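A.B. asks: this one's sequence-less:
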């Protein structure tokens, strides 16, 4: 569904002026940014997404690569074989959401859910959906952005803090991704003491609404990782390779929004101290490996080249210099290369794309067959992609929920051991053994 720009405010909105950076605080666009009034190009012809194949030992992907000369850098980097595992049943917990984006489980078993147009709601275990919480800031809801991810404070039991990301209007026609926090008043259905702790730099015209990231996860040490997409159009720009901006980066900050001590570029001239890794495009999934605490990420490629990465401090993940894909109109990106010294290869990639979103390791006991599984939500692929992992190698792939015909936005492990899945339209699904 296509929607026009909306600035959504809930019952007790914060004023935009209170959250707008001082004039001149950040540049309108990075140096060298291409003009936004580029010549008209007809929309690309996107191939229809076929039903994934389910032939044991064969890849689920039947399409030829978008990048005709693409070759994996190592065996097993793409097109893992299909492997069926456990039967399951699907329960619709609710179908009354409006474009949900993220969820978190509260200590009492209820769920806190964000809706992209700007609402945050509480969902009871019996499927009762609350009214929108008061106190949520106004958001710039356009295209791929609005109210996005949320995460409970590691000290939620004592501080009741909720951290969340959203797209904020700056001035009359610009926006950026911000990180905010507030105290959840569950009984009063409100967020209290809301403040923005971090703003991605720079803000850009709000019409650049694609590829903005907005996922976050707390590390074991209490620091917060946040994805900031590069907001590129066609042809892509190279801001992800420059360290003087947050675009195309993963940042690492403290719960107060300051650059986290130990970040790799602290003290480096011309580099922002919050940057953890760079060379990313549109990072839509973020999680920790429950065994190692290592950061894992999914990101969108253009036409081809969706990726899984394990972003490490100071490393360059290549976009847009190396990519297993092509630009939307069909053009080669840069030199058309997929490897370069000093740039990290993805652990796994998809070409053509599935548009990976939410990301979660299986940590429950309900499905013994899903041990060592990594779940990837697929928007364009309209499936929950279950990957069997052997260390950092994908050894099998299994498309789930294909019969739902729904774009999958987020996936989370529930405290009851079930797998919870948000679709991109109205539903929260629960997967349990059949």
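C.D. replies: Received it, and whenever you're ready, just let me know what you need. Just so it is clear, the model here is predicted, and its values are computed rather than measured.
A.B. asks: C-alpha only now, for contacts and for neighbours.
C.D. replies: Fine.
A.B. asks: Not counting its neighbours along the chain, what's nearest the most centrally placed residue in the chain?
C.D. replies: Central residue of the chain (Cα atoms, centre = their mean): residue 284, 1.8 Å from the mean position. Closest residue to residue 284 apart from its sequence neighbours, by Cα to Cα, 6 or more residues apart in numbering: residue 357 at 4.7 Å.
A.B. asks: Next, the one you found: secondary structure please.
C.D. replies: When classified by DSSP: H, G, I helix; E, B strand; the rest coil, residue 357 comes out as strand.
A.B. asks: Quick one: low-confidence residue ranges for the chain.
C.D. replies: Applying pLDDT under 70 to the chain picks out residues 1-48.
A.B. asks: Scan it for its longest strand.
C.D. replies: Assignment by DSSP state E gives strand 174-185 as the longest strand of the chain.
A.B. asks: Provide the backbone phi and psi angles at the residue nearest to residue 157 when sequence neighbours are not counted.
C.D. replies: Counting by Cα to Cα, 6+ apart, residue 157 lies nearest to residue 107, which is 7.7 Å off, once chain neighbours are set aside. As for residue 107, its main-chain torsions (degrees, to the nearest 10) stand at phi -60, psi -30.
A.B. asks: I'd like the distance from residue 107 to residue 384, if you could.
C.D. replies: Computed as Cα to Cα, to the nearest Å, the residue 107 to residue 384 distance reads 26 Å.
A.B. asks: The two: who's more crowded?
C.D. replies: Between residue 107 and residue 384, counted using other Cα atoms under 10 Å, the more crowded position is residue 384 (28 against 10).
A.B. asks: Am I right that the more buried one is in contact with residue 378?
C.D. replies: Yes: between residue 384 and residue 378 there is a contact under Cα atoms under 8 Å: 6.0 Å.
A.B. asks: Between the two, which contacts overlap?
C.D. replies: Counting by Cα atoms under 8 Å, 6 or more residues apart in numbering, the contacts common to residue 384 and residue 378 are residue 408.
A.B. asks: Let me see the ranges of the strands in the stretch 1-150 of the chain.
C.D. replies: Remark: strands assigned in the stretch 1-150 of the chain by DSSP state E, counting those that start in this stretch are 6-8, 88-94, 100-105, 111-115, 119-123, 139-141, 147-152.
A.B. asks: Go through those and name the closest to residue 196.
C.D. replies: strand 139-141 (12.3 Å; Cα to Cα).
A.B. asks: For that closest one, which strands pair with it and how are they oriented?
C.D. replies: Note on strand 139-141: by DSSP bridges, its sheet partners are strand 6-8 (antiparallel).
A.B. asks: coming back round to it: reformat the strands of the stretch 1-150 of the chain as CSV; add mean neighbour count.
C.D. replies: Output for the strands of the stretch 1-150 of the chain, formatted as CSV (neighbours: other Cα atoms under 10 Å):
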stretch, mean neighbour count
strand 6-8, 16
strand 88-94, 14
strand 100-105, 24
strand 111-115, 23
strand 119-123, 24
strand 139-141, 27
strand 147-152, 26
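A.B. asks: Serialize those strands to TSV and add fields for distance to residue 323.
C.D. replies: Below are the strands of the stretch 1-150 of the chain laid out as TSV (distance: least, Cα to Cα, whole Å):
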stretch	distance to residue 323
strand 6-8	34
strand 88-94	36
strand 100-105	27
strand 111-115	32
strand 119-123	36
strand 139-141	29
strand 147-152	26
